[in-house]
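In: Here is my input, please return the structure:
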Amino acid sequence: MFEELKEIICQYVEVDEDKITEDSRFMEDLGFNSFDFMSLVGEVEERYDIEVEERDVVQIKTIKDAVDYITSLIEE
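Out: Sure thing, here's the model as predicted:
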């Protein structure tokens, strides 16, 4: 999941995939703006056939947060 998410992230922001860690923060470290982040969320929803709740999006700050959240939705 982490590796797949890194590939998707690189489609939205110019960052070296090797520099993305689980502790990387979307906005502060990777340079996402809110539009890019919401576009990423939409792509993740399509790819994994999940629905991300808007109230949960604000809690996702790091790559690890995203991986944990996506995994929890897939396992439901």
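In: any idea how far stretch 58-69 is from the chain center?
Out: 7 Å (CA atoms, centre = their mean, to the nearest Å).
In: can you dump the C-alpha coordinates of that stretch into CSV?
Out: Presented in CSV, the C-alpha positions along stretch 58-69 are these (Å, rounded to 0.1, in the frame of the first residue of the first chain):
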residue,chain,number,x,y,z
VAL,A,58,-8.7,16.6,7.9
GLN,A,59,-7.2,14.0,10.2
ILE,A,60,-4.9,12.7,7.4
LYS,A,61,-1.6,14.6,7.8
THR,A,62,1.1,12.0,7.0
ILE,A,63,1.5,9.2,4.5
LYS,A,64,1.2,6.8,7.5
ASP,A,65,-2.1,8.3,8.4
ALA,A,66,-3.3,7.8,4.8
VAL,A,67,-2.1,4.2,4.7
ASP,A,68,-3.7,3.3,8.0
TYR,A,69,-7.0,5.0,7.0
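In: contact partners of it?
Out: If you take CB atoms under 8 Å, 6 or more residues apart in numbering as the criterion, stretch 58-69 is touched by 1-2, 5-6, 9, 20-27, 44, 52, 56. Where C-beta positions appear, they are placed from N, C-alpha and C, glycine not excepted.
In: ok, those residues vs residue 74, which is closest?
Out: Nearest to residue 74 out of the contacts of stretch 58-69 is residue 1 (CB to CB; 8.5 Å).
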